[in-house]
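*Asks:* Predicted coordinates and the sequence they were generated for:
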Amino acid sequence: MSTAAAMHVTTLVLVGVTHRTASLDVRERLAFSAEQAAAALAVFRDRFPGREAVLLSTCNRVELYAAGGPETAAPAASELIDFLASCRALDRDRLARSACEHRDEAVVRHLFGVAAGLDSMVLGEPQILGQVKQAWTLAQKTGTTGPLTAGMFQSALRAAKRVATETGIGRERTSIPSVAVADFAAAVFERFDDKRVLLLGAGKMAAETLRYLREAGARDVTVLNRTASRAVELAARLGARPGLFSDLAAELAGADLVVSTTGGERPIVTLEDYRQIEPHRAARPLVVLDLAVPRDFDPRIGGLPGVWLYCVDDLAAACDANRRSRQQEMPAALAIVEEEVMRLMADVHHRTTAPVIEQLKAGWSETGEAELERLFRRLPDLGADERAEIRQAFDRYAAKLLHPPLVSLRSESRTGPPHGLVDALRRLFQLGE
Amino acid sequence: MVGHGESRSIRGREVGGGPRVNYNQGVASHDRPAAAIHALPFALDMTAFLSGISVVCFAASYAVALGCEASRLLFRSGIRGIVMVGFAAAGLIAHALYLGWRAAGTSAVPFSSPADLYLLVAWLLAAGYLWMTLANPRTPVGLFLLPIVLALVGVATFAPDAPSPLLHDATSRFWGWFHGSLHLAWTVAVVLGAVAGLMWLIQAGRLARKEPPIRGFRMPSLERLGTLMHRGLAVAAWAGAAAFVSGIILNAIQGRGGAAPAVPWSDSVIARMALMVAWLVVANGVALTVRRRPGGDRLAAWLSLASLAVLTGWIAWGLVIPSGHGAAAPAAQVVVEEAS
C-alpha cells in the first residue's frame, strides 16, 4: 500500500446542518427518525461500499459522519450532500448553502464538542450524549461502522464523560422551571411529598414546573382555573385534584407552594388579599413561583416574612447567572476535548504506520530465519533445547533492533501522520510500496 | 466536681501529687493503666505510638480538612473530597486515641476537667462533621463546624485540666456521669444549633436576594436548618438545666454529713452555670413562642447564634476567673513541672 493509500485510512468527513448553520425550517426537513436513519444508512452502505458512516439527527442538528475503509477514501463532502439531499428529497443547492463540512481532525474535534454538549443550544446539556450513543448504536446495527468510527465515537463518549465529571459545565440548571424547583423551592423545603402544591392557570410553564416538582416528590397537587371545566381537564391530565377558583383564598391558606401562570391583566392576589389569608397559615413558609406575565401576585407579598416569591424575571436572572457559570467552565471543557482529540489522532496516525512495521518485521524475520537455518545446518549436533534458545535470542535481538524505530514512529504520530519517517524506513530498508 | 487528683496536663505539667505526665510527650511511667500496658512486652511499640499523639496531630488534620472545605469556593477538584474526608477521619482517630490515652492514664474521673470536656465536645463535633460530610458531600458544613472544633481544641490547652477525684459511692458516680454527659449534650447542642442558625441566615439571605446557589456552597433547605436550630435550642435548654441540677445534687451528696461540698456553694462556677442555663431556657422559650409567628425562624436563628456567643463568654469566664470546679490542685499539692 502506498503512503497515499495509507492516508485514505485516516480520512474522515462530516457534512451536516446545525442550529448554528441552518434555520429551523431546513433542520426540520432534513431531520431523520430512527427508522429513516436506519434506511438511509443501509442506502449509504450500498452506495459507498467499504466506507463507514454514522448519522446523528436531533432537533438541533443532522450530521453525517463518514470515514474511509482500509483500501478506500471517504466519500467527498459533495457526495455526502448529494446523499443527504436525495434521502430527504431536498433541494441539493439549498442544503449545500446551509451545510457545514469538516475533514479529518476537525471532524473528531467537532464530534467530541457535540457529545460534551459544547455545541448545544443550551451549553452543557446532557441529553445530546444519549443521542450520540443512540446514533452510534443504530449505525452498528445497520453495519456501517468500522474501526475508525468505533475509535472516534468511543473516544467521544469518554471525552463527554470527562467533561461532565471534571468540569461543572452541566451542573447548573438553565431552564426556568428547573431553576425554580431545584435552586429555590428545594432550598426552602426539604421534601415535597408532605407539601400542598397549588397550580393556578394552565400555562405550559406550569406543567413543566409541575413535572420537576413531581420528580422531587410532590404528591398533593390542586389545579385551579377560572374555567372550572378546564381545571378538571388539566387535573385529569396532570394527575392532580381540581378545585374551584372561588376557593382561591382557602386554597392559598393551605398551600405550601404555588405555581401561578394565569397572566391576567391585574394581579389575582394583592397584598391586602394576602394579609387576610396570612393569619390562617400559622406562619408556614410559602413559596410562590409566579410565572405569569403580567404577574399574578403583588410583588410586595414577597417582602413579607415567610414568603418566598419569585417572578419570571427573578428566575430568568438566575438562569442567566447559571449560564454564565457554565460559560466559565468552557476553557476547561475545551482543554479536555483537545486532550482527547490529540490522543485519538495520535492513535489514528500511528495506525497508518502499521503496514510499514509489518513489512519491516516480516523482512527481518525472513532474514533471521534464513540465517538460523544456515547456522543449524553447520551445527547439526545442536539439541532441540539449544536450537530453541538460539531462536529466542535471534527473536529478542530483532525485537530490540526494531524498538527504537517503533518508538520514534509513535512519538512522531502525536503531531501528525509520520510520512517522513515512513518514507525513510521504506528507503533505508528497501521496503516495497 | 473538684479536681485535686492526679492528672495529665495538656500543657506538659503535672497537677497534683501523682506522677509526671505530659500529654504532648505522653509518658505515663507511674500511672496504673499505663504501667499495665508497659507490662506487656509486645505493647511497647503501641505505648510509644500512643504517647506520640499530641493535640497538634489532630488539630493539623482538622485544619487541612478545613482548608479543603474553603477551597470549594475557589476551584473544583475530583480528589478534594477524598483528601478532606481522609484528613478529618485521621484527625478523628488521633483525637480518639489521645482522649483514650488520657482517660486510661488517670486514676481520677476521666473527662471531668474543663479541658477534657472541651476536647470531648470537639471530638463529638468533628465526628458529626465527618458523618454529615459523608451523608451530604456537597454541603460545606465543615466551613462552619471545623473552626469551632479548632477553637475548642485551642481553648482546651488553656483550660484547667485537673480532673475530679474518683467518686467512691454508687450514688455519686451515677450523678457524676449524669452531670458530665449532660454537660457534653448541651454544649454540643448549642454549637450545632448555632451552625444551623448561621446557615439558615445565609440561605435565607440568598433566597431573599433571589440569587442562584453559590457554586460549591450548596446549603441544606431552610426547613431542615430550622428543625436543627430549634432542636439545638431545646436540647441545650433541657440538658443545660438538667446538668445544672444534677451538679447541685452531686455537690449536695458529697457535702452530706457535715463534710465540705466538693465545690463551695459560693464558687463562681455555680453562678456562671446558672446564668448560662437561664439564658438557654429563655432563648428556647422565646424560640418556641415565636415559632408559629411570621419571622419566627429568623429570630430563632439569631437566638441560636446568641447562644453560641453566650457559650463563648461562659468559657472565657471559666478561663479568667478561677473556680474550684476543675481548677488547679490545692496549694498543698506540688505542681511538678515536666522534666523533659
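*Replies:* Great, that's in hand. Numbers count the residues shown, from 1 in each chain, chains lettered A, B, ... in the order given.

*Asks:* residue ranges of the strands in the stretch 51-200 of chain A, please?
*Replies:* Ranges of strands in the stretch 51-200 of chain A, per DSSP state E, counting those that start in this stretch, are A:52-57, A:61-67, A:100-103, A:196-200.

*Asks:* I'd like those strands written out as TSV, with mean pLDDT and distance to A:S246 added.
*Replies:* Every residue, glycine included, has its C-beta placed from N, CA and C. Output for the strands of the stretch 51-200 of chain A, formatted as TSV (pLDDT from 0 to 100; distance: least, CB to CB, whole Å):
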stretch	mean pLDDT	distance to A:S246
strand A:52-57	94	49
strand A:61-67	94	49
strand A:100-103	92	57
strand A:196-200	92	13
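
*Asks:* okay, those, which one's buried deepest?
*Replies:* Of all the strands of the stretch 51-200 of chain A, strand A:61-67 carries the top mean neighbour count, a mean of 27, counting by mean count of other CB atoms under 10 Å in any protein chain shown.

*Asks:* And the strands in the stretch 1-150 of chain B?
*Replies:* Going by DSSP E, counting those that start in this stretch, the stretch 1-150 of chain B shows strands at B:13-14.

*Asks:* Which residue would be the closest one in it to chain A?
*Replies:* Nearest residue of the stretch 1-150 of chain B to chain A: B:R76, at 5.8 Å (CB to the nearest CB).

*Asks:* Among the strands of the stretch 51-200 of chain A, which comes closest to chain B?
*Replies:* strand A:196-200 (14.2 Å).

*Asks:* and that closest one, is it in reach of chain B?
*Replies:* No. Contact of strand A:196-200 with chain B (CB under 8 Å from any CB of the partner chain) is absent, the minimum separation being 14.2 Å.

*Asks:* Let's have the strands of the stretch 51-200 of chain A in CSV, adding distance to B:L145.
*Replies:* Below are the strands of the stretch 51-200 of chain A laid out as CSV (distance: least, CB to CB, whole Å):
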stretch, distance to B:L145
strand A:52-57, 49
strand A:61-67, 48
strand A:100-103, 52
strand A:196-200, 34
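
*Asks:* Check what pLDDT the residue minimising distance to the centre of chain B gets.
*Replies:* Centroid check for chain B by CA atoms, centre = their mean gives B:V121 as the closest residue, at 2.1 Å. Looking at B:V121, its pLDDT is 93.

*Asks:* I'd guessed it sits against B:W186; true?
*Replies:* No. At 9.9 Å, B:V121 does not count as touching B:W186 under the criterion of CB atoms under 8 Å.

*Asks:* picking that back up, in contact with the closest residue in space to the residue of the stretch 1-150 of chain B closest to chain A that isn't next to it in sequence, which residues are there?
*Replies:* In this structure, B:R76 finds its nearest non-sequential neighbour in A:G168, 5.8 Å apart by CB to CB, 6 or more residues apart in numbering or on different chains. Contacts for A:G168 (CB atoms under 8 Å, 6 or more residues apart in numbering or on different chains) come out as A:325-326, A:329, B:76, B:215.

*Asks:* Of all pairs in those, which one is the farthest apart?
*Replies:* The largest separation in those, counting by CB to CB, is between A:R326 and B:R76 at 12.8 Å.

*Asks:* So which of these two has more stuff around it?
*Replies:* Per other CB atoms under 10 Å in any protein chain shown, whichever of A:R326 and B:R76 has more neighbours is A:R326, with 24 against 16.

*Asks:* Distance check, that one against A:Q359.
*Replies:* Distance from A:R326 to A:Q359, counting by CB to CB, to the nearest Å: 50 Å.

*Asks:* Could you do B:V155 as well?
*Replies:* Distance from B:V155 to A:Q359, by CB to CB: 78 Å.

*Asks:* cool, A:L157 as well?
*Replies:* As judged by CB to CB, A:L157 and A:Q359 stand 34 Å apart.

*Asks:* and if you look at B:L233?
*Replies:* Taking CB to CB, one finds B:L233 at 83 Å from A:Q359.

*Asks:* what's the answer for A:C311, then?
*Replies:* 72 Å.

*Asks:* just A:P305 next, same as before
*Replies:* 83 Å.

*Asks:* now A:I336
*Replies:* 37 Å.

*Asks:* the more surrounded of the two?
*Replies:* Legend: neighbour count by other CB under 10 Å for A:I336 and A:Q359, higher for A:I336 (24 against 17).

*Asks:* where's that one, which helix or strand?
*Replies:* Per DSSP states H and E, A:I336 falls inside helix A:330-351.

*Asks:* again, but for A:C319
*Replies:* helix A:312-328.

*Asks:* Does chain B have contacts with that helix?
*Replies:* Yes. Counting by CB under 8 Å from any CB, chain B is contacted by helix A:312-328 at A:314, A:317-318, A:321-322, A:325.

*Asks:* correct me, but B:A301 touches B:G197?
*Replies:* Yes. Using CB under 8 Å, B:A301 is in contact with B:G197, at 3.8 Å.

*Asks:* mind listing what's buried in the longest helix along chain B?
*Replies:* Counting by DSSP state H, the longest helix found in chain B is helix B:170-208. Within helix B:170-208, the residues scored as buried using 16 or more other CB atoms under 10 Å in any protein chain shown are B:172, B:175-180, B:182-204, B:206-207.

*Asks:* Pull the residues that contact the one helix or strand A:L224 maps to.
*Replies:* Following DSSP H and E, one finds A:L224 within strand A:220-225. With contacts defined as CB under 8 Å, 6+ apart, strand A:220-225 is touched by A:195-202, A:210, A:213, A:231, A:234-235, A:238-245, A:247-248, A:251, A:255, A:262.

*Asks:* Apply 7 Å and report the result again.
*Replies:* A:195-202, A:210, A:231, A:234-235, A:238, A:240-243, A:245, A:248, A:251 (CB atoms under 7 Å, 6 or more residues apart in numbering or on different chains).

*Asks:* Sort out for me which of those are in helices.
*Replies:* A:210, A:231, A:234-235, A:238, A:248, A:251.

*Asks:* For A:E63, state which of those is nearest.
*Replies:* Among the ones in helices among the contacts of strand A:220-225, and counting by CB to CB, the member closest to A:E63 is A:L210, at 34.4 Å.
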